[in-house]
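> Let me see the structure of the following:
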Amino acid sequence: MNFQLKLEFIELDNLLKATHLAANGAEARRYILAGSIKINGQVEVRIRRKLRLGDSVEFGKHQISIIA
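Residues are numbered from 1 along each chain as shown. Just a heads-up that it's a prediction; the model follows:
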């Protein structure tokens, strides 16, 4: 799946909500803190990690590419 940026970046928790992979902020934070998210192949536990053009996010069977 592709996610098109409208601004310079999107924070990781907001991306999960915007793509409907998390129902709300609390659920997004739980997924992130549990180590369930990889960004560019590395596990990420920073809730507010800024995602920019070209970043790739993995969450279970979902793959999200950040595009312009």
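
> so which strand or helix has the nearest residue to Ile64 once chain neighbours are set aside?
Distances taken as CB to CB, 6 or more residues apart in numbering place Val57 nearest to Ile64, at 4.3 Å, with adjacent residues excluded. In this view, the C-beta of every residue, glycine as well, is placed from N, C-alpha and C. Per DSSP states H and E: Val57 is located in strand 56-59.

> who touches that strand?
With contacts defined as CB atoms under 8 Å, 6 or more residues apart in numbering, strand 56-59 is touched by 12, 15-16, 21, 31, 36-41, 51, 63-66.

> Now the buried members of these.
Buried residues within the contacts of strand 56-59, defined by neighbour count using 16 or more other CB atoms under 10 Å: Leu12, Leu15, Leu16, Leu21, Tyr31, Ile37, Ile39, Leu51, Ile64, Ile66.

> quick one, phi/psi of the closest residue to Asn14 other than its chain neighbours?
With CB to CB, 6+ apart as the criterion, Asn14 has its nearest non-adjacent residue at 7.9 Å, and that residue is Ala28. Here is the backbone geometry of Ala28 (degrees, to the nearest 10): phi -60, psi -50.

> How many residues are close by Ala28?
22 (other CB atoms under 10 Å).

> Could I get the CA-only coordinates of stretch 61-68 as CSV?
Taking C-alpha atoms only, stretch 61-68 is exported to CSV below (Å, rounded to 0.1, in the frame of the first residue of the first chain):
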residue,chain,number,x,y,z
LYS,A,61,1.5,-8.6,6.6
HIS,A,62,1.1,-4.9,5.7
GLN,A,63,3.8,-3.0,3.8
ILE,A,64,3.4,0.8,3.5
SER,A,65,5.5,3.0,1.2
ILE,A,66,5.7,6.7,1.9
ILE,A,67,5.3,8.6,-1.4
ALA,A,68,5.1,12.2,-2.5
